[in-house]
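*Asks:* here's my sequence, what's the structure:
(2 chains)
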Amino acid sequence: MTENLSSRFKTESSASAAVGRITGLPRGYGDTKIIILPRDPLWMYAYWEVASQAYAELKKKIGEDKLSGGKWMLRVYDITGVAFDGTNSNRFFDIAIGSDIDNWYINVGELNRVWCVDVGVITPDGQFVSVARSNVLGLPRQGVSPITDEQWAILQQEFDRLLRLSGVDKIGRSSFDLTKLMRERWEEIVSLSLPSSFGGASSGARPVAPEEARAKGFWLKADTELIVYGATEPDARLTVQNQPVTLRPDGSFTLRFYLPDGQQEYLIEAVSKDGDMKRQITFVVGRETK
Amino acid sequence: MKGDMEPRGYWCLQLHAHLPYVRHPEYPDFLEEDWLYEAITETYLPLLSIFEKFVEDGVDFRITMSITPPLAGMLSDNLLQSRYYNKLNKLIELCEKEIWRTINLPQFNETARLYERQLKDCRRIWEKYHGNILTGFRNLQDAGKLEIITCCATHGFLPLETYRSAVRAQVRIACQDYERHFGRRPRGIWLAECAYVPGIDEELKKEGIRYFFLEAHGILYGTPRPRYGVFAPVYCPSGVAAFGRDMETAHQVWSAEMGYPGDADYREFYRDLGYDLDYDYVRPYLHDDGVRRNIGLKYHRITGKVPLSDKQPYNPGWAMNKAAMHAGNFMFNRERQVEHLSGMLGRTPLVTSMYDAELFGHWWFEGPNFIDFLFRKIFYDQKTFTTITPSEYLEKFPKNQVITPAASSWGDKGYYEVWLNGANDWVYRHLHKASERMAELARENPSPDGVRRRALNQAARELLLAQSSDWAFIMTTRTMVEYAEKRTRDHLLNFNNLFEQIKRSQVDERYVHELENKNNIFPLIDYTVFAAEAR
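*Replies:* Residues are numbered from 1 along each chain as shown, chains lettered A, B, ... in the order given. This next block holds a predicted model:
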């Protein structure tokens, strides 16, 4: 529980990732504190730090023997409806934590209660010594309130109907999160294609789009396009296939066409600015795929 | 709906327009800035264009839209504006080439022409507002059609803030920034991720905000029981109103099985010309690194459950038909819903639908057309319900039940797990420490001199930018994670450096100047907002 052990993570894989994340950020701030945050109606997240000074004081207070033989614990107090003074919780439970851990997800097991957490040590003789006490946290309320407002009373049966119309059965069951929806679509597309088709392209907020799906094994793809280019007087009017073309400032132009099988004619016509001069060129181009 | 007859119900559409603040003057070309450029072309300009045509055509409508402070900041930023204009012109150039190239590909030519029309319409509006399209949205607000609301200053996730001063700063700075852009105080706010815990409304109250939005269970699990479910707003004990989300309309758009955007006739997002075109030809339209990516032109439709190679050509006519059909279906369902509810509620029901604005256009290409058809149909073809903004509703119906809403969010599973899990929980100890330090700095420096003041204001900017919920969200989605981690880290490091410099009274003016240019959000920020009590 010393400072140099801070910022450890729970699993091997996330521990290695964590190293990159915290580059440059302090591993701790020399504080002795614990903070609890709400995740959902049954889970909260706790992170804590015990400064080396606080550790030294603890050692002095309970003795080196008891500290080294003791176990680090989170003591989770249900303090619903009480002004908590450390002794008057409704109940509490302990979670054993390794001395090198500095954060934990706590399942409280009971809905709609208010919580407070101490981090501390249980000595071999069973005494809990608190090192830091958290903020007070009521987790998100789940379920319809039993309390009815007299001024806005409603029959139970009607209220049940209203809840159904309000979509109470859909709460938390499906998400309308845009990126999640799109990711699912993407995963579906990927699953329809051969596994080798997508070089690990992942998806999400702005997914990297894939190479076009192709068959496994040896393959060949080819197609043809035609480039028509040229130049005329910069102020002339140019049409190709009777469609006007915008000339570059020097009077040149480049057009690119998809070239399908068969014979195509490309009519290029330039008309001078005052309309009295005209030039035409026609290309006849054929493609045959064998 | 035309005429003066009282409708049997109301529909409130709230669109949440947001992107994190991504602006990198230090690079000539930056990939993540595309988030903004794509959203301008595909969502913000098409919506603005449609709204303006409603006004021209005398189609009365009401839409509520949150334009978040980071988005408003980017839309009004000169550097990003000029970069966008270049991007748009390049894309138009490619479109013009594409019209020629596809002359012998009739199955694609019509779609190429559609893109050309749309992009040129974008350019027309962009030029009309000299690059600042916020003016267009503001005009619609001033005309009483659109209600623009604010959001937490940098989309900070308020339930995971432990310091009250940090919550206050997210709200107050947002309101000040709103005034800068829209010339008045915001009436409503979109809480980032719709994330609420009881008590946040007190901070809203202090800024004069009258309402916010909640996920359905925020209302349904409130205390005491909500008499009208989600079909009427409630007042929090602070007096601020909360509007709950209607799940039926959410499902009609989102459900994987029956949702509109997945229709086979609609455009396929994932089949993009950036991958299909000849490399030399498309190269000038890719980023500097030359890697093939989406460029935003797509010629295929969803088709069905098929691999990308089997997607069929997009047919603009079929897609427009579908958008019109879906709009008709949506309106029909609202009429039935409103009739049914008004019968049983004993009060005129309000149905509140909220969506990410970027759904319309960016992901669901025909989404803006859907909105176009829908509001025209609502105006001309029925008399059952009208559209309304929350402000108007509260004026008409000021008497509402007082309840304490339940903590909730609109994220997956309805609470906070998306923003608090093994992929991102490490950020909070650093964010909280920075909030604590910022409050400390603010209390210790009530009236600093020039450079010190600038350093304090920049420290506040860096803290706010680190607090964006977008970073934690991206870490969870597992794409672009490195960028999100880097942004979190960089802003925290900048903050820590400024903190040390201010504490030691050794402010490096050049460093402050550099950060001011780079992370220039909130030009008028006043760090003293953090001086409030610690918790």
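
*Asks:* which helix or strand contains the residue nearest to residue B:8 when sequence neighbours are not counted?
*Replies:* Counting by CB to CB, 6 or more residues apart in numbering or on different chains, residue B:342 is the residue found nearest to residue B:8 once chain neighbours are left out, at 4.7 Å. For every residue, glycine as well, the C-beta is placed using N, CA and C. Remark: residue B:342 resides in helix B:316-345, with elements defined by DSSP states H and E.

*Asks:* what are the buried residues along that helix?
*Replies:* Within helix B:316-345, the residues scored as buried using 16 or more other CB atoms under 10 Å in any protein chain shown are B:316, B:319-320, B:322-324, B:326-327, B:330-331, B:334-335, B:337-338, B:341-342, B:345.

*Asks:* and if you look at stretch B:78-90?
*Replies:* Along stretch B:78-90, these residues count as buried under the neighbour rule (16+ other CB under 10 Å): B:80, B:81, B:83, B:84, B:87, B:88.

*Asks:* switch the residues you listed over to a markdown table; also include pLDDT and distance to residue A:59.
*Replies:* Shown next, in a markdown table, are the buried residues of stretch B:78-90 (pLDDT from 0 to 100; distance: CB to CB, whole Å):
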| residue | pLDDT | distance to residue A:59 |
| --- | --- | --- |
| B:80 | 98 | 56 |
| B:81 | 98 | 61 |
| B:83 | 98 | 59 |
| B:84 | 98 | 61 |
| B:87 | 97 | 62 |
| B:88 | 98 | 66 |
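
*Asks:* of the residues you listed, which belong to helices?
*Replies:* The helices in this structure, assigned by DSSP state H, contain B:80, B:81, B:83, B:84, B:87, B:88 from the buried residues of stretch B:78-90.

*Asks:* tell me, which of those residues make contact with chain A?
*Replies:* Under the cut-off given by CB under 8 Å from any CB of the partner chain, chain A has nothing from those close to it.

*Asks:* tell me the SS of the nearest residue to residue A:132 once chain neighbours are set aside?
*Replies:* Spatial nearest neighbour of residue A:132, excluding adjacent residues (CB to CB, 6+ apart): residue A:34 at 4.6 Å. The assignment at residue A:34 comes out as strand when based on DSSP: H, G, I helix; E, B strand; the rest coil.

*Asks:* and if you look at residue A:118?
*Replies:* Using three-state DSSP as the criterion, the local structure at residue A:118 reads strand.

*Asks:* OK, contacts around it?
*Replies:* Counting by CB atoms under 8 Å, 6 or more residues apart in numbering or on different chains, residue A:118 makes contact with A:34, A:74, A:75, A:77, A:128, A:130, A:131, A:132, A:133, A:134.

*Asks:* what's the per-residue pLDDT of the first one here?
*Replies:* According to the predicted model, the pLDDT of residue A:34 comes to 98.

*Asks:* that one is in contact with residue A:133, isn't it?
*Replies:* Yes. Contact criterion CB atoms under 8 Å: residue A:34 and residue A:133 qualify, at 6.9 Å.

*Asks:* give me every residue that touches the residue nearest to residue B:8.
*Replies:* The neighbours of residue B:342, taking CB under 8 Å, 6+ apart as the test, are B:8, B:9, B:348, B:349.

*Asks:* dump the residue contacts of residue 241.
*Replies:* I went with chain A, as the question did not name one. Taking CB under 8 Å, 6+ apart as the contact definition, residue A:241 lies against A:266, A:267, B:103.

*Asks:* switch to chain B, please.
*Replies:* Residue B:241 is in contact with B:210, B:211, B:212, B:233, B:234, B:235, B:390, B:394, B:400, counting by CB under 8 Å, 6+ apart.

*Asks:* which residues touch the fifth one?
*Replies:* Residues near residue B:234 by CB under 8 Å, 6+ apart: B:219, B:222, B:226, B:241, B:242, B:244, B:400, B:401, B:402, B:403, B:405.

*Asks:* quick one: residue B:350 from residue A:120, how far?
*Replies:* 51 Å (CB to CB, to the nearest Å).

*Asks:* and residue B:349, by the same measure?
*Replies:* Remark: distance between residue B:349 and residue A:120 (CB to CB) = 53 Å.

*Asks:* residue B:145 too?
*Replies:* From residue B:145 over to residue A:120 (counting by CB to CB), the distance is 60 Å.

*Asks:* just to revisit the earlier point, list just the nearest of the ones in helices among the buried residues of stretch B:78-90 to residue B:195.
*Replies:* Each of these was checked against residue B:195 using CB to CB; the closest is residue B:80, at 27.5 Å.

*Asks:* now do the same contact list for the closest one.
*Replies:* B:23, B:33, B:36, B:74.

*Asks:* again, but for residue A:112
*Replies:* Applying CB under 8 Å, 6+ apart to residue A:112 gives the contacts A:41, A:139, A:141, A:142, A:143.

*Asks:* filter those residues down to the buried ones and hand me the PyMOL line.
*Replies:* Applied in PyMOL, the following selects the buried portion of the contacts of residue A:112 according to 16+ other CB under 10 Å:
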select buried, chain A and resi 41+139+141+142
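
*Asks:* would you turn the contacts of residue A:112 into TSV with distance to residue A:180 and secondary structure?
*Replies:* Putting these into TSV (distance: CB to CB, whole Å; DSSP: H, G, I helix; E, B strand; the rest coil) gives the following:
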residue	distance to residue A:180	secondary structure
A:41	21	coil
A:139	24	coil
A:141	25	coil
A:142	22	coil
A:143	25	coil
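
*Asks:* and which of the contacts of residue A:112 is nearest to chain B?
*Replies:* residue A:141 (4.2 Å; CB to the nearest CB).

*Asks:* how about the closest residue to that closest one other than its chain neighbours, what does it touch?
*Replies:* Setting aside the residues directly before and after it, residue A:141 is nearest to residue B:406 in space (CB to CB, 6+ apart), at 4.2 Å. Contact partners of residue B:406, counting by CB under 8 Å, 6+ apart, are A:140, A:141, A:142, B:198, B:217, B:218, B:219, B:220, B:221, B:222, B:223.

*Asks:* quick one: which of the residues you listed is most hemmed in?
*Replies:* Ranked by neighbour count under the definition other CB atoms under 10 Å in any protein chain shown, these are headed by residue B:218 with 33 neighbours.

*Asks:* how is the chain carved up into domains?
*Replies:* You didn't say which chain, so I picked chain A. Per the record's domain assignment (automatic domain parsing), chain A is made up of the domains A:3-138, A:225-287.

*Asks:* please go with chain B instead
*Replies:* When chain B is parsed into structural domains using automatic domain parsing, the resulting residue ranges are B:9-76+B:131-258+B:348-413, B:425-531.

*Asks:* who's more crowded, residue B:145 and residue A:120?
*Replies:* When neighbours are counted by other CB under 10 Å, residue B:145 and residue A:120 differ, and residue A:120 comes out ahead with 23 against 19.

*Asks:* in the sheet, who's paired with that one?
*Replies:* residue A:73, residue A:130 (DSSP bridges).
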